[in-house]
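Engineer: Test case, fold it:
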Amino acid sequence: MAEQFVFNLPLETAFGREDYFISQSNKLVVAAVENWPNWPQNKLLLCGDAGAGKSHLAHIWASGISGKTVNATDLPVSDLDQLATGATCVENIHRIGGQSQAEAALFHLHNLMQQHQTPLLMTGQGVLSGWGITLPDLASRLAGSNVVFLPPPDDALLAAVLVKLFNDRQLRVEPGLISYLLPRMERSLAQARALVAALDRQALQDKRRIGVNMARKTLESLQQEL
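Structural biologist: I've put the predicted structure just below:
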């Protein structure tokens with residue numbers, strides 16, 4: 001029998017508004033982000049665990065108001081004066097703790113945007129107290145920002161994301177598969193993407209529809225990789 005080769009072709013991450021599902025777990029945070037004209041001091045700090053959907057929500061916000069998105073680690077080489085003239089999202093603030101140039105750049109951008117009265121959205125993993133920010137003035141500015149925390153997805157959100165991920169890959173799944181996965185998988189959107197990708201590879205290799213038995217073995221394999 002000829003061997004079935006599996007190619008890891010990259011799928012583009014969809015950051016459109018139509019790709020973002022709202023449920024009881026995230027609706028208040030979504031409302032807070034969308035209420036940007038009323039943010040105190042024109043800024044908001046969006047926090048959450050890895051895979052909670054912060055980047056997706058941030059991109060929706062920036063796209064909706066013709067804003068710009070920049071990674072916090074790229075700020076030292078960015079045109080801060082240009083960024084400050086319009087709505088800007090700075091992602092992954094948690095990664096610059098202890099990086100003096102990046103911290104100074106964020107502090108400068110923050111002050112410029114305050115002067116221009118332009119909205120600033122910042123995202124970070126976990127909570128501010130664990131980011132190791134060493135520049136006192138920046139730490140003070142961040143601590144003075146309104147903070148919202150994006151919680152892990154609930155069953156309704158996770159189920160909707162799984163269905164879409166399977167549909168995007170045109171995968172056939174057995175009835176009841178989603179119900180089987182929900183209580184057994186890690187509660188994150190990142191895990192949902194990794195799981196569906198792994199099931200896609202396995203289904204192609206086995207040349208059969210995705211069912212509970214395949215899902216069980218795939219979940220065990222992913223857990224062993226952690």
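
Engineer: Tell me how this structure divides into domains.
Structural biologist: 19-150, 153-225 (automatic domain parsing).

Engineer: lowest-confidence stretch among those domains?
Structural biologist: The weakest mean pLDDT among the domains of the chain belongs to domain 153-225, with a mean of 91.

Engineer: hang on, the earlier thing: now the domains of the chain as TSV including mean neighbour count?
Structural biologist: To be clear about C-beta, it is placed using only N, CA and C from the backbone, and glycine gets the same treatment. Shown next, in TSV, are the domains of the chain (neighbours: other C-beta atoms under 10 Å):
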stretch	mean neighbour count
domain 19-150	18
domain 153-225	16
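
Engineer: where along this structure do the strands fall?
Structural biologist: Using DSSP state E, the strands assigned to the chain run over residues 43-48, 68-71, 88-91, 120-125, 147-150.

Engineer: Residue 22 is nearest to which of those?
Structural biologist: strand 147-150 (11.8 Å; C-beta to C-beta).

Engineer: contacting residues around the closest one?
Structural biologist: For strand 147-150, contacts defined as C-beta atoms under 8 Å, 6 or more residues apart in numbering pick out 26, 28-29, 32-33, 44-49, 52-54, 57, 127-128.

Engineer: tell me the phi and psi of the nearest residue to residue 151 once chain neighbours are set aside?
Structural biologist: For residue 151, ignoring the flanking residues on the chain, the nearest one in space by C-beta to C-beta, 6 or more residues apart in numbering is residue 25 at 5.3 Å. The phi/psi pair for residue 25 (degrees, to the nearest 10) reads phi -70, psi -30.
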